[in-house]
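> Turn this into a structure:
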Amino acid sequence: MDMERAKEILNSPEKIEVKYRGTPVWIEMIDETAEKAQVHSENNPDDVKIVPVWDLDDRK
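Residues are numbered from 1 along each chain as shown. Model prediction:
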């Protein structure tokens with residue numbers, strides 16, 4: 001995923017399915033300078049990771 005799409009998803013009022021390496025996640029915040037996103041597992045909000053934005057996928 002590119003940075004612009006990640007920001008669109010983060011700011012969207014709708015739920016948009018995003019996966020990180022096949023696991024559904026929520027984007028919590030984006031660091032544009034580092035091109036990283038803070039995400040947490042959809043099933044476990046305590047499972048927080050910092051991941052490269054380009055490793056996120058919103059394709060069905």
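> Poorly predicted segments of the protein, please.
Residues of the chain that meet the criterion pLDDT under 70 lie in 60.
> now the strands: where do they sit in it?
Per DSSP state E, the chain carries strands over the ranges 18-20, 23-31, 36-41, 48-52, 56-57.
> name the helices or strands packed onto the first one?
Same thing as strand 18-20. Identification of packing neighbours for strand 18-20 by 3 or more Cβ pairs under 8 Å, 6 or more residues apart in numbering; DSSP states H and E yields strand 23-31, strand 56-57. For the C-beta atoms, the positions are set from N, CA and C on the backbone; glycine is no exception.
> mind redoing it with 10 Å?
Counting contacts by 3 or more Cβ pairs under 10 Å, 6 or more residues apart in numbering; DSSP states H and E, strand 18-20 packs against helix 3-11, strand 23-31, strand 36-41, strand 48-52, strand 56-57.
> So what are the sheet partners of it and their directions?
Next to strand 18-20 in the sheet, as set by DSSP bridges, lie strand 23-31 (antiparallel), strand 56-57 (antiparallel).
> Tell me which residues of the longest one come out buried.
It stands for strand 23-31. 25-27, 30 (16 or more other Cβ atoms under 10 Å).
> Which of the helices and strands packed on strand 18-20 sits closest to E17?
strand 23-31 (6.4 Å; Cβ to Cβ).
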